[in-house]
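K.L.:
Sharing a model that was predicted from the sequence below.
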Amino acid sequence: MALIRLLQLASPALPVGAYTYSQGLEWAVESGRIRDEASAGAWIGDVLTGAVGRFEAPLLIGLLAAWSAADAAEVGRLNADFLASRESAELRAETVQMGFSLNRLLADLRDPTLGCVQATLALLPEIAFPTAWAGIAAAWSIEPPAACAAYLWSWAENQVMAALKAVPLGQAAGQRLLAELGTRIPTVVGGAQSLPPAAWSNYTPAYAICNARHETQYSRLFRS
């Protein structure tokens, strides 16, 4: 059942609105930085191995450990760290909205194994998406490497879908991008498991600028 539950968590059908966000990719298209399949793959791949792989992924691993140990204080600390790491208003609003939606889903699932997750999340003034996601994964006894890989796959899939709409690209191009990005995920997961907190970093200035400039983009399809 752990695999089935993991597929459920990684599914695009998860009702958190992830498909409405591009995380700055739409502005990168507008500015000409992303213009075709190759440049889309380079951009998404760089963000995967940089900002996401060196900060979000190891933080997710830390959250999974904290949830498994029932360490509410550590869950709260990592949640606050993630919120503080969002470089633009839209990025912060995105993770809070998705965290809120996932927390609301907890009650609708009517799963008694998620009661402790609900109780801990109720103590947080704002819930980051990876905090709630990791809580559910831990409660469903999903192994951290598999959980992290699925989380990264979901992120990559959303980015590729945004590129398909914004560039635009064809479906075959999207599958080629996902195939290439998928080969990187095991290495990113392995690095996230061994990276000490002092080395966590999401220092990607161009990515942050794209997210900030997207806020005032004249015409756009996505919320971030």
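P.N.:
Sure thing, it's come through.
K.L.:
Can you name every helix or strand that the strand or helix carrying W155 contacts?
P.N.:
Per DSSP states H and E, W155 falls inside helix 144-166. For helix 144-166, the elements it packs on are helix 2-10, helix 25-30, helix 37-47, helix 57-68, helix 129-139, helix 171-194, judged by 3 or more Cβ pairs under 8 Å, 6 or more residues apart in numbering; DSSP states H and E. C-beta coordinates here come from the backbone N, C-alpha and C atoms, glycine included.
K.L.:
What is the fifth one packed up against?
P.N.:
Contact partners of helix 129-139 among helices and strands, from 3+ Cβ pairs under 8 Å, 6+ apart: helix 2-10, helix 57-68, helix 72-85, helix 89-109, helix 115-121, helix 144-166.
K.L.:
One more: the second one?
P.N.:
Helix 25-30 is packed against helix 37-47, helix 144-166, helix 205-214, with contacts defined by 3+ Cβ pairs under 8 Å, 6+ apart.
K.L.:
Ranking those by mean neighbour count, which comes first?
P.N.:
When neighbours are counted by mean count of other Cβ atoms under 10 Å, the highest per-stretch mean among those falls to helix 144-166, a mean of 21.
K.L.:
and the angle for that helix with helix 57-68?
P.N.:
Using axes from the mean of the first three to the mean of the last three Cα atoms, to 10 degrees, the direction of helix 144-166 lies 130 degrees away from that of helix 57-68.
K.L.:
Could the C-alpha coordinates of helix 144-166 be exported in PDB?
P.N.:
Output of helix 144-166 as PDB, limited to C-alpha atoms (Å, rounded to 0.1, in the frame of the first residue of the first chain):
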ATOM      1  CA  PRO A 144      12.200   8.800   2.500                       C
ATOM      2  CA  PRO A 145      14.100   8.100  -0.700                       C
ATOM      3  CA  ALA A 146      11.000   7.100  -2.500                       C
ATOM      4  CA  ALA A 147       9.000  10.000  -1.100                       C
ATOM      5  CA  CYS A 148      11.700  12.500  -2.100                       C
ATOM      6  CA  ALA A 149      11.900  11.000  -5.600                       C
ATOM      7  CA  ALA A 150       8.100  11.200  -6.100                       C
ATOM      8  CA  TYR A 151       8.100  14.800  -4.700                       C
ATOM      9  CA  LEU A 152      10.800  15.800  -7.200                       C
ATOM     10  CA  TRP A 153       9.000  14.000 -10.100                       C
ATOM     11  CA  SER A 154       5.800  15.900  -9.300                       C
ATOM     12  CA  TRP A 155       7.700  19.200  -9.300                       C
ATOM     13  CA  ALA A 156       9.400  18.400 -12.600                       C
ATOM     14  CA  GLU A 157       6.100  17.300 -14.200                       C
ATOM     15  CA  ASN A 158       4.500  20.500 -13.300                       C
ATOM     16  CA  GLN A 159       7.400  22.500 -14.700                       C
ATOM     17  CA  VAL A 160       7.300  20.600 -18.000                       C
ATOM     18  CA  MET A 161       3.500  21.000 -18.200                       C
ATOM     19  CA  ALA A 162       4.000  24.800 -17.700                       C
ATOM     20  CA  ALA A 163       6.600  24.800 -20.500                       C
ATOM     21  CA  LEU A 164       4.200  22.900 -22.900                       C
ATOM     22  CA  LYS A 165       1.700  25.700 -22.400                       C
ATOM     23  CA  ALA A 166       3.900  28.700 -22.300                       C
END
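K.L.:
This completes my enquiry, with thanks.
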